[in-house]
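>>> I'd like to go over a predicted model; first the sequence, then the structure.
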Amino acid sequence: MDEQQWGHVAQLARLFFTAEEQAAYATQVSRIVAFVGVLANAPCPPTPMAHPFESAVRLRDDLVIEGDDREALLANAPALHDGLFLVPMVLDAP
Amino acid sequence: MSWEAVIGLEVHVRLATASKLFSGAASSYGAPPNATACAVDMGLPGVLPVPNREAIAMAIRFGLALGARIDRQSVFARKHYFYPDLPKGYQISQYEQPIVADGVLLIEGDQGERPITVVRAHLEEDAGKSLHEGLGGASGVDLNRAGTPLLEVVSGPEMHSAAEAGHYLRKLHTLVRWLGICDGNMQEGSFRCDANVSVRRVGATVLGTRSEIKNLNSFRFVEKAIAYEIERQIAVLESGGRVEQETRLFDPARGETRRMRGKEEAMDYRYFPDPDLLPVVIDEAWIEAIRETMPELPDARRARLEASYGLPRAQAALLTSDKDLADYFEAVLAVQPAVPPALAANWVTGEVLALHRGQGAPLVAPARLATLLARLEQGVISRLAAKEILEVLWQQCQQGEPPEDCDTLIDRLGLRQVRDDAVLHELVEAIITANPQQVAEYRQGKDRLLGYFVGQAMKRSAGRGDPKRLGELFAARLAAAPAGE
């Protein structure tokens, strides 16, 4: 994994490394990726499967059965304002 | 050498289900912050998504309406990005196997009607909402919207002007409301659009570099943003520059688009099949059951209104721009088959629509409008009087009062047209006496003064005279010898 790839993956994961950490981890991660790469040689059907089980998802009727636990859910939050979860300001739109 | 614009649209249609795509929380709009978000929507540990059957049925319904392919197996995937209003750190969407593919929507293009490909339509959950103002430098997160079902509808890059894009959007907007799968409310974000715009030399086959304009929430903004972007790109190319692949935002206040991020900062979403969700399998029986509940579609209905009632195409198109309006028109004719369809169509697309200015069924019951138009057609009331009565009925409905019977209202307001010749004769004589100058001019050949006389008589009778009969009486009286005057 070169420096540029490392920087890209670290940015995607929102992880920040010192130069020493990067040198150490880059070697380890490269070995992991190479190990996973062995799978590319496994005999597989042309289209990868979406799920290991050969069955279909169970569907649910369109009924409202949740919505009476607002206070309990909000109680988990470290900071609230008028029912909004407060987080550090983030302006870059996704 | 001239340029050709190439436009593709991505529209997010919020499906009108009662509950969310993967949870049993309400999918309604406007609740207090975080009142309709449950543990699944908040991405709390240990929860699992379970898809909503109705949302899938709505996607199938949409696919059938476009004559699209409904894939028998479709897969949910995780789309990763970090933002506070996406608590799981990924959005459940569809990537490689969307539910709907290869449909067609007919639009009124710059050179006549033509098909636009709907490349795909896939299901995904919406994110929550972030608020940034008045929170002391923090952002506030409301997860009510998180998990509401969206159908993302992606067109081919096949439109060539802002007008064509606008037409495609309106057709799509009509269709999703018609099918009952979306309320179409753009202010509330039920129908949102991103536009991909590029330009190339006329005749070129390779696409130019495109920019993506995000989050356009009105038809007018979409058209303005695209028109601006086409001009901007042409100006860049003509001055020898290169268009960059980038994401842009439309600024409605300035009427221009501006750069949001470039290709190098483009999102890397790392899609993969969601291990929490098995594939969705749709069998033939389900599709057939939905097919049987499909309504007559807008294009077919427009063609039928043209053929059965002899309506002009533009008027039939206006009537079928909204299912409630088309139903209303046909309900009026069903109650009073004696009302000429052209008259009913003119009133529904004219007076009724002018009062209506909104969605849903018009206020005055079709039976009442039918009676009103029958009285107009029978000559019991004048057009002016009919308009006045419709306005009274409309107000009564608006204020929640029981609307009065049409005939009662005609008498109460004294709007019954005077058709008694004796009374009309008196009126004719009075007008002639009061306008000797105009009478002389008329007799010297100024024929168009007849309209003036009828107008005067209508004014004096407070609109109750029968203008047609008055015209006849004036013509006869003034053609006779001027003796007695």
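Received it, and whenever you're ready, just let me know what you need.
>>> CA only for contacts and neighbour counts going forward, please
Noted.
>>> verify the assumption that B:Ala31 is located in a strand.
No - secondary structure of B:Ala31 (DSSP: H, G, I helix; E, B strand; the rest coil): coil, not part of a strand.
>>> so who does it touch?
Taking C-alpha atoms under 8 Å, 6 or more residues apart in numbering or on different chains, we find B:Ala31 in contact with B:Asn144.
>>> longest helix of chain A?
Longest helix in chain A, counting residues (DSSP state H): helix A:19-37.
>>> give me the contact list for that helix.
Counting by C-alpha under 8 Å, 6+ apart, A:1, A:6 sit against helix A:19-37.
>>> average pLDDT for it?
Within the predicted structure, the mean pLDDT of helix A:19-37 is 89.
>>> neighbours of the residue of the stretch 151-300 of chain B found nearest chain A, how many?
The stretch 151-300 of chain B approaches chain A most closely through B:Leu278 (4.5 Å), counting by C-alpha to the nearest C-alpha. The number of residues packed near B:Leu278 is 21, by other C-alpha atoms under 10 Å in any protein chain shown.
>>> would you agree it is in contact with A:Ser55?
Yes - using C-alpha atoms under 8 Å, B:Leu278 makes contact with A:Ser55 at a distance of 6.9 Å.
>>> tell me the domain ranges of chain B?
The record's domain parsing of chain B by automatic domain parsing lists B:9-189+B:265-286, B:296-412, B:421-479.
>>> off-centre distance for the second one?
Meaning domain B:296-412. Distance of domain B:296-412 from the chain centroid (C-alpha atoms, centre = their mean, to the nearest Å) equals 18 Å.
>>> first to last residue in that domain, what's the distance?
42 Å (C-alpha to C-alpha, to the nearest Å).
>>> state the distance from the most centrally placed residue in chain A to chain B.
Geometric centre of chain A, nearest residue: A:Ala13, 7.8 Å, by C-alpha atoms, centre = their mean. Going from A:Ala13 to chain B by C-alpha to the nearest C-alpha, to the nearest Å gives 9 Å.
>>> the helices in chain A, which residues?
Remark: helices assigned in chain A by DSSP H are A:3-12, A:19-37, A:70-74.
>>> buried ones in the helix or strand of chain B with the lowest mean pLDDT?
Least confident helix or strand, chain B: helix B:353-356 with a mean of 84, by mean pLDDT, DSSP states H and E. Within helix B:353-356, the residues that qualify as buried are B:His356, counting by 16 or more other C-alpha atoms under 10 Å in any protein chain shown.
>>> what's it in contact with?
Contacts to helix B:353-356, defined as C-alpha under 8 Å, 6+ apart, come from residues B:362-363, B:391, B:394.
>>> using CSV, write down the CA coordinates of the longest strand seen in chain A.
For chain A, the longest strand by residue count, based on DSSP state E, is strand A:84-88. Backbone C-alpha positions of strand A:84-88 (Å, rounded to 0.1, in the frame of the first residue of the first chain) are rendered in CSV as follows:
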residue,chain,number,x,y,z
LEU,A,84,-32.3,17.9,18.8
PHE,A,85,-29.1,15.9,19.3
LEU,A,86,-26.3,18.4,19.6
VAL,A,87,-23.1,17.6,17.8
PRO,A,88,-20.0,19.6,16.9
